[in-house]
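Participant: got a sequence here, can you build the structure:
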Amino acid sequence: MNYHTRKWVKPEDLNPNQSLFGGRLLQWIDEEAALYAVIQLENKKIVTKFISEINFVSSAKQGDIIEIGIEVSAFGSTSLTLKCDVRNKMTHQTIITVDKIVMVNLGEDGIQLLTEKQKLSS
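Facilitator: Purely as a prediction, here's the structure:
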C-alpha cells in the first residue's frame, strides 16, 4: 500500500462525538481515488462508479495526522479498481478500509467510455 496523502484532523472535521466525521473521511478518500485515477488513466474526466463496503476500524481525534493509502487491484482499459486503507500516521493504527473503489473514464460527452467487448454486448 502506498500512502501519498496526509491530513491533519481539525475541529471542522469532527462529528458531535468529537471524532473524525465519517463523511469527511469518505470525501478525502474519494478525492484521493479520483486524483490517482486521473494520473493513471491520463484522463481528467473520471468518476466514481462504485465503492464497496466501508469498514470503520477505529476513530481519529482532533490533532491526529492520518494518511490515505491507495493500491491498484485491477487495471482495465477504461476503468481502475482500487483498494484504500487509512491509518493514523503516528501509531499506524488502521482507521478505515475500503476493499473496492471503481473509477471510470468518461468521454468528451460525459458518457462512460466502453471497451470493444462492452460495445458488442450492448
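Participant: now Lys61: closest residue in space that isn't a chain neighbour?
Facilitator: Leaving aside its chain neighbours, Lys61 sits nearest to Ser19 (5.8 Å; criterion: C-beta to C-beta, 6 or more residues apart in numbering). Just so you know, the C-beta spots here come from the backbone N, C-alpha and C atoms, and that holds for glycine as well.
Participant: surely the one you found touches Asp64?
Facilitator: No. Checked against C-beta atoms under 8 Å, the pair Ser19 and Asp64 is beyond contact range at 9.3 Å.
Participant: and the longest helix for the chain?
Facilitator: Across the chain, the longest stretch assigned as helix under DSSP state H is helix 22-41.
Participant: from Glu31, how far out is Tyr3?
Facilitator: Distance of Tyr3 to Glu31, given as C-beta to C-beta, to the nearest Å: 15 Å.
Participant: who's more crowded, these two?
Facilitator: Comparing Tyr3 with Glu31 by neighbour count (other C-beta atoms under 10 Å), the higher total belongs to Tyr3, at 16 against 13.
Participant: distance from stretch 43-51 to the middle of the chain?
Facilitator: Distance, stretch centre to chain centre, for stretch 43-51: 10 Å (C-alpha atoms, centre = their mean, to the nearest Å).
Participant: actually stretch 80-100, not the one I wrote
Facilitator: Centroid separation between stretch 80-100 and its chain, computed with C-alpha atoms, centre = their mean, is 9 Å.
Participant: related to what we said a few turns ago, what separates the longest helix of the chain from the chain centre, distance-wise?
Facilitator: Centre-to-centre, helix 22-41 and its host chain are 4 Å apart (C-alpha atoms, centre = their mean).
Participant: residues in contact with Gly69?
Facilitator: 1-4, 84-87 (C-beta atoms under 8 Å, 6 or more residues apart in numbering).
Participant: that one - that's part of a strand, no?
Facilitator: Yes. According to DSSP: H, G, I helix; E, B strand; the rest coil, Gly69 belongs to a strand.
Participant: just grab the bridge partners of it for me.
Facilitator: Beta bridges link Gly69 to Tyr3, Asp85, judged by DSSP bridges.
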